[in-house]
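1. would you be able to build a 3D model of this:
(2 chains)
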Amino acid sequence: MRLRTFFLISLAALGAWGVLLAQKPFKQYAGGEDGDIALPSDYQKPAEWISARLRYRDAFRRGGFRGFRREGAWATDYPLGDRHLITGVQRLTRIHARSVEQTVELDGTDDLYNWPFLYAVEVGQWTIDEKEGAQLRDFLDRGGFLMVDDFHGLNQWQIFAEGIRQVYPDRQIEDLTASEPIFHILSEVDPKVQVAGLAALYRGRTYEQESDPYPRWRAIYDEKKRIVVAICHNMDLGDAWEHSDEVSYPADMAVVAHRALQNYAMYDLTH
Amino acid sequence: MFEFLFKYPLSIYRQGTFIFLAGWPLWLMGLGILVAAGALGFLIWRQASGTARMGVVRRASIWVLQTALAALLLFLIWHPALSVSTLKPQQNIVAVVIDDSTSMTTDDETSTRKEKAVKVLDGGLLKALQEKFQVRLYRMSDHAERIDKLDQLTANATATHIGESLKQVAADASSLPIGAMILLSDGSDNTGGVDLETLSEIRRQRIPVHTIGLGKETMSRDVEISNVDVAARALPESRLAATVSFHQHGYTGQKAKITLREGSRIVANQDVTLKAEGTEQVETVLFNAGAAGVKTLEASIDPFPNEENPRNNRVTRLVNVDPRKPRILYMEGEPRWEFKFLKRAVEDDKTLDVASILRTAPNKLYRQGVCRPGDTAHPQVNGKCTEMEDGFPTKIEDLFAFDGIIFGSVDAPYLTKNQQDMVKQFVDRRGGGVLFLGGKDSLSDGGWAKSAAADILPTTLPDRKNTYSFAGADVELTPEGRDSLITRIEEDPNKNVERWKKLPYIRTFQDPGDPKLGAVVLANFIPREGGGAKRPLLVTMNYGRGRTAIFATGGSWRWQMLQPVADMSHEMFYRQLLRWVVSDTPRHITGSTPKTLLADESHVRLRAEVRDKTFLPASDAIVEAHINGDGVSEQVVNMTPEPLEQGVYGADWTAPQTGSYIVEVVAKRGSEEIGKDTFTFRREDGIAENFHVEQNRELLEKLSAETGGQYYKPGDAQKLGKDINYSQAGITVRETRDLWDMPAIFLLFLGIRGAEWLLRRRWGVI
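-> Coordinates of the predicted model:
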């Protein structure tokens, strides 16, 4: 091999390695529920903490998200829900938070590991294969935290459970008791409150599926009894954040949604 | 040769006084030389004037030679002589001191040193001495002991104290007419030499000490461990470094293995290549301190098959692995991933106890690790722990209860001026360690440069804000970092350097300014973008009784998230850094002894430094040392204040037998106990003689020169029979020895005349 060729190949390899290790820049996807909204003026200002949203593959859309103009279920309440939850964090905690979220994928690169706090919505519609499950497990085992939300009833639970079994085949999903520190670490959160989605509220109720109408605050623990996956089942915190500045959305639910997110983030940063 | 030319040995000239026996004044000799010079000059000038062959230079040469001859004749007429004191025959004692230590069994190829000593004495020296003097034989170990015959020598004494032994023999001279001492030894003194006091004592009595050096001055094939340096105290399971110093002869370039053992268990070993002949080689071997307890650690280098002295290949050290669990207060100003991952990194370290205060919201704190079981200082109120419920401690006793402090992204004004001063005193007076992390409210950006604690920082902070950057930076070790235990995440130093280069980049960095004098930079960061210059990342410094460090990033958590789960580099780094922060933090009582291993000695000096609750020296304490040893019942020794050191107490004790001893020092003020500490030492016999077995000729020569004696090789020792007569000690008589008839003068006379004849013959003016 000629020296020049060797040099070029080495340079390319180093570049590829650098890309793999480096964190990806911020990108706003236009196909979210809220469309391509205006970015905050300080969106490029770096910060210590960034809320990441998982861009998973959709279970009911053939070909996955890449072949469609509109983004899939992962983009529910996106990006307004994210921006509002971040605003809440910035206003009510000392977390130095970036004003925009980061969208990440289980794409086999190292980018995921740069964003230790991960939020996934509508996980009753996700699909996680073995490889993606292994990467998510690796993410959690290294110290990452996953919060899932906005899935309802038994059918969606089953779909979520199938996905999470790719991550932790043997770990139990446990109900959180009211005494869990995660409900008290920063603000008091009453787990009896069911944070409803806007659609349910329009129907005059707080749940979406008759098959399981109760709020389920659940979690998966690691071997040191730390919560690594926080599960908000039969609730829609994403809607609450998204519409928390609207008069039509109940303020008490919005408060619980913001408190819960801030508590979860605080729990992650302290455990 | 000297004696042939000058008639007497050099030692007589050294001891004697030069005199002229003629009794005429010296000025007369000078005048005579001047007159002779004038007369010779006049005659030579007259006789040679008009002669073409005798120019000025030639005439002057002849004049110089003839004047020198005249001067020589006048010198002889004045009758030169030496006045010397000589020992009176049969009235003096000569002390023959023979080294009887184990090192005398060393085989120097033809015979052992003991055999050589006996051969020298039996080969005529002893007989020659006995013809003129009474001879007293002494065997020397750590003291001198009279013997009657040479066959009483055993060469099994475990120590050699030359000074002490000679002092003892010299003491006999106050009642006995000892005229001289003869010391047969290899000079391997276990105390490090002959002290000035002993030398002065011998010199005062004017006893010449003649030395006969035995043994090789350099070994042909030997590896010797000269020292092993290892911390006397350690935290359980902490990583320690044993610095092994050694030298060798005859094995340059060969491979050797250093092994560390605790009992029969090998705790570490390392292959090394032996450096140049005689060069002091230093190698660092890392090992795990293991569980709590006193560890007897043996460092050894596997002996080579034909090594002359394999006994000096092993050295023992004691390490007291302290069961304490130092407590660290981590004050963090904002919830961030560095806080989370730092705590996770050290949570499995059983030797560290981290309590934290986190500012979660503008008016809220979140405490973790507070109110440990058994904490009586902070009782629970309504089931709620009260420790640090209002934040950073405001009382000095509360802060000084910790061993170390970590400041995360905390701005200095968050602490009151008094709290900032307490932090400074925490390091300076308490002896604690403080670690400052980078952060948006840390260091310069947090106003620490103008705080009361600015002095303790290991760098001079930049005089500007915005020093914290949310940008990636690579990390590399400095040469100091290469050898530091804090940054050792790979055993092999070279691999460690490479390992650091391969760590994921840190997500944030902060310019910490320039290191202060005495600070050590262990690692630098290099910004990945913008072409920023390399700046210090990890800086350490000792301040007062404590130590401080800056780790100028809040983004090392990437080392955990961007590496496989099994990778422990992030955990190892923080554990080692935090152990460094607290491992040397003293308690209220610190007991110690200068030597933890008494090699062939029994005396031990006990020392205790006592500080009160606020870590001020406690000079009014009652301090006791409770000593327990193998087969020795507990003994209580009262320790008394050291006159020149406040709060320091000392005591001397003698270890009655070999083995390990545990000392518990207890300090009280009235009935109130200030604190206690435990330390250990060990007495071992039969060790010291295995080391430094080469002949210490320098010591023996110096001893002879300082006392008016002479150093002899065994082959020249028979001359001592004559030389020993001249001494100022014992019963002496003053004698004069003529010098006019010494061959050197006759040769000088012939030389002058011969030179003149040769010159004249050459010039053709005979």
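2. what residue in the stretch 151-271 of chain A comes nearest to chain B?
-> A:Leu269 (4.1 Å; C-beta to the nearest C-beta). In this view, the C-beta of every residue, glycine as well, is placed from N, C-alpha and C.
3. any idea which element that residue lies in?
-> helix A:251-270 (DSSP states H and E).
4. return the set of buried residues in that helix.
-> By neighbour count on 16 or more other C-beta atoms under 10 Å in any protein chain shown, the buried set for helix A:251-270 is A:253-270.
5. which bits of the stretch 51-200 of chain A sit near chain B?
-> Residues of the stretch 51-200 of chain A found near chain B (C-beta under 8 Å from any C-beta of the partner chain) are A:92-96, A:110, A:113-114, A:116, A:138, A:141-144, A:185-186.
6. could you rerun that using 7 Å?
-> A:92-96, A:110, A:113, A:116, A:138, A:141-143, A:185-186 (C-beta under 7 Å from any C-beta of the partner chain).
7. closest to B:Ala68 out of these?
-> Distances from B:Ala68 to those, taken as C-beta to C-beta, are shortest for A:Asp110 (96.7 Å).
8. state the mean pLDDT of stretch B:663-676.
-> The pLDDT scores in stretch B:663-676 average 94.
9. an error on my part: the question was meant for stretch B:274-282.
-> Taken as a whole, stretch B:274-282 has an average pLDDT of 93.
10. next: stretch B:557-571.
-> Average pLDDT, stretch B:557-571: 98.
11. centre of the chain to that stretch, how far?
-> Between the centre of stretch B:557-571 and the centre of its chain there are 41 Å (C-alpha atoms, centre = their mean, to the nearest Å).
12. name the element B:Leu365 belongs to?
-> If you go by DSSP H and E, B:Leu365 is part of strand B:364-368.
13. hmm, that strand touching chain A?
-> Yes: applying C-beta under 7 Å from any C-beta, one finds strand B:364-368 touching chain A at B:Lys364, B:Tyr366, B:Gln368.
14. tell me how chain B divides into domains.
-> Chain B breaks down into these domains under automatic domain parsing: B:2-86+B:736-763, B:89-217+B:694-730, B:222-321, B:327-583, B:589-689.
15. strands of the stretch 151-271 of chain A, start to end?
-> Per DSSP state E, counting those that start in this stretch, the stretch 151-271 of chain A carries strands over the ranges A:174-175, A:216-221, A:227-233.
16. so what's the residue nearest the centre of chain A up against?
-> Nearest to the geometric centre of chain A sits A:Tyr119, at 0.9 Å (C-alpha atoms, centre = their mean). Residues counted as contacts of A:Tyr119 (C-beta atoms under 7 Å, 6 or more residues apart in numbering or on different chains) are A:Ser51, A:Ala52, A:Arg53, A:Leu54, A:Met147.
17. correct me, but the residue of the stretch 151-271 of chain A closest to chain B touches B:Pro335?
-> Yes: using C-beta atoms under 7 Å, A:Leu269 is in contact with B:Pro335, at 4.1 Å.
18. from chain A, which residue is nearest to chain B?
-> Counting by C-beta to the nearest C-beta, chain A gets nearest chain B through A:Pro46, at 3.3 Å.
19. count of residues packed around that residue?
-> The number of residues packed near A:Pro46 is 14, by other C-beta atoms under 10 Å in any protein chain shown.
20. just A:Lys224 next, same as before
-> Residue neighbour count, defined by other C-beta under 10 Å, stands at 10 for A:Lys224.
21. likewise B:Leu503?
-> Close neighbours of B:Leu503, defined as other C-beta under 10 Å, add up to 21.
22. now do B:Ala549
-> Using other C-beta under 10 Å: B:Ala549 sits among 25 other residues.
23. same deal with B:Gln646?
-> The burial count for B:Gln646: 13, using other C-beta under 10 Å.
24. bridging residues for the closest residue to it other than its chain neighbours?
-> Nearest residue to B:Gln646 in three dimensions, chain neighbours excluded: B:Pro617, at 4.0 Å (C-beta to C-beta, 6 or more residues apart in numbering or on different chains). The partner list for B:Pro617 in beta bridges (DSSP bridges) reads B:Arg611.
25. can you pull the contacts of B:Pro617?
-> B:Pro617 neighbours (C-beta under 7 Å, 6+ apart): B:Arg611, B:Gln646, B:Gly647.
26. so for it, what pLDDT did the model give?
-> pLDDT for B:Pro617: 96.
27. how much space between it and B:Pro586?
-> Here the criterion is C-beta to C-beta, to the nearest Å. By it, B:Pro617 lies 12 Å from B:Pro586.
28. any idea which element the residue nearest to B:Thr478 when sequence neighbours are not counted lies in?
-> Nearest residue to B:Thr478, sequence neighbours excluded (C-beta to C-beta, 6+ apart): B:Val521, at 5.2 Å. Here B:Val521, judged by DSSP H and E, is contained in strand B:520-527.
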